[in-house]
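Colleague: Structure, please.
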Amino acid sequence: MSRDQNLFPALNSLVGDSLGKKNFHILCTALFLPEDAVLYKDRFAGICALTERLFWSSYIETSENTFYLLGQNRSLLECADFSGLQWKLHGLEISFELRTLLFSLA
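Modeller: As a prediction, this is how the structure comes out:
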């Protein structure tokens, strides 16, 4: 089965069926994820976490403007996830693109 047949339904379900094919393909392009990618559990978990972080505001059911929670698209969980990011990434060999993406989310 292809990436679209396996990964898309899983990620779409993760965000309450609000991901859409266009956003899925943008995500795969940003992650340099080829059609024939093999996803082991750690990589899959990371992709799920990133997808949830990027698209969480599209599936929450609230009339409250999330900007006023803790900044634009931030919840307590995201604040905890990204606090001390420089320290958390110290010594890790990750691509420039991924490092840039993480700091843009922080």
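Colleague: any idea which element residue 52 lies in?
Modeller: Assigned by DSSP states H and E, residue 52 belongs to helix 41-55.
Colleague: Could you list the domains of the chain?
Modeller: Following automatic domain parsing, one gets these domains for the chain: 1-61, 66-106.
Colleague: Spit out the contact partners of the residue nearest to the spatial centre of the chain.
Modeller: Nearest to the mean C-alpha position of the chain, by Cα atoms, centre = their mean, lies residue 50 at 1.7 Å. Listed by Cβ atoms under 8 Å, 6 or more residues apart in numbering, the contact partners of residue 50 are 27, 31, 101. (Glycine included, C-beta is placed from N, CA and C.)
Colleague: Quick check: of those residues, which has the highest neighbour count?
Modeller: Sorting those by how many neighbours each has (other Cβ atoms under 10 Å) puts residue 27 first, at 19 neighbours.
Colleague: Let me know the secondary structure of that residue.
Modeller: What DSSP: H, G, I helix; E, B strand; the rest coil gives for residue 27 is helix.
Colleague: Just give the closest residue to it, not the sequence neighbours.
Modeller: Excluding the flanking residues, the one nearest residue 27 by Cβ to Cβ, 6 or more residues apart in numbering is residue 51, at 6.4 Å.
Colleague: my guess is that neighbour contacts residue 15, does it?
Modeller: Yes: with contact defined as Cβ atoms under 8 Å, residue 51 reaches residue 15; the gap is 6.5 Å.
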